[in-house]
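Asks: sequence first, then the predicted structure, then my questions.
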Amino acid sequence: MSRLAIERDIPLLAICRGLQELNVACGGTLKAGIIDDPNSHSHPAWTPNDLPHIVYGPSHEIRIMQGGQLHGLTRDRVSSVNSVHVQAIDRLGQGLIVEATADDGTVEAISVAKAAFILGVQWHPEYDGAGNSLSRGIFAAFGAAVKAYQERKQIIDRVA
């Protein structure tokens with residue numbers, strides 16, 4: 001699905017495993033076991049018995065790259081996000097841009113260089129979609145990108 005979205009410039013918001021699949025679809029690789037890595041202090045372990053507000057609550061900060069797509073949605077350089085992933089990007093896929101990282105260097109957000117809107121985030125912005133300014137910005141931009149894509153598609157369909 002990720003390759004098709006890239007080829008057709010279809011808006012895509014890839015969340016958690018979706019970011020990982022987007023990276024692999026572009027030839028990147030993943031590393032497993034980051035919560036067991038002593039150097040991965042930014043990604044605390046959680047258990048299935050933890051309450052949702054603990055699992056999906058803010059657990060670490062990300063550094064947002066200046067001038068990137070994500071930075072354009074918030075203008076903040078730092079944001080708090082949740083963390084429930086046990087693997088992460090090892091080698092970045094071709095044509096992808098790092099949009100944000102955790103303090104331990106884990107890639108937390110990526111985009112496709114020449115796409116109108118293909119964004120992958122390692123956290124779950126949907127958990128606090130209304131209460132978090134970064135989440136609101138992501139969903140507003142994704143909605144606008146889908147609308148613009150639909151309008152372009154309708155014009156092409158009328159011409160064809």
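Replies: Sure thing, it's come through.

Asks: every contact and neighbour count from this point should use C-alpha atoms.
Replies: Will do.

Asks: nearest residue to Thr106 other than its sequence neighbours?
Replies: What sits nearest to Thr106 in space, not counting adjacent residues and going by Cα to Cα, 6 or more residues apart in numbering, is Ala88, at 6.7 Å.

Asks: assumed the one you found was part of a strand.
Replies: Yes: Ala88: assigned to a strand according to DSSP: H, G, I helix; E, B strand; the rest coil.

Asks: give the contact list for it.
Replies: For Ala88, the residues meeting the contact criterion (Cα atoms under 8 Å, 6 or more residues apart in numbering) are 20, 30-32, 34, 106-107.

Asks: mind doing that once more with 7 Å?
Replies: If you count contacts by Cα atoms under 7 Å, 6 or more residues apart in numbering, Ala88 has them with 20, 30-32, 106.

Asks: mind giving me the PyMOL select for the residues you listed, buried ones only?
Replies: To isolate in PyMOL the members of these that are buried, counting by 16 or more other Cα atoms under 10 Å, one can use:
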select buried, resi 20+106
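
Asks: so among the contacts of Ala88, where is pLDDT lowest?
Replies: Across the set of these, Ala32 stands lowest in pLDDT, at 86.
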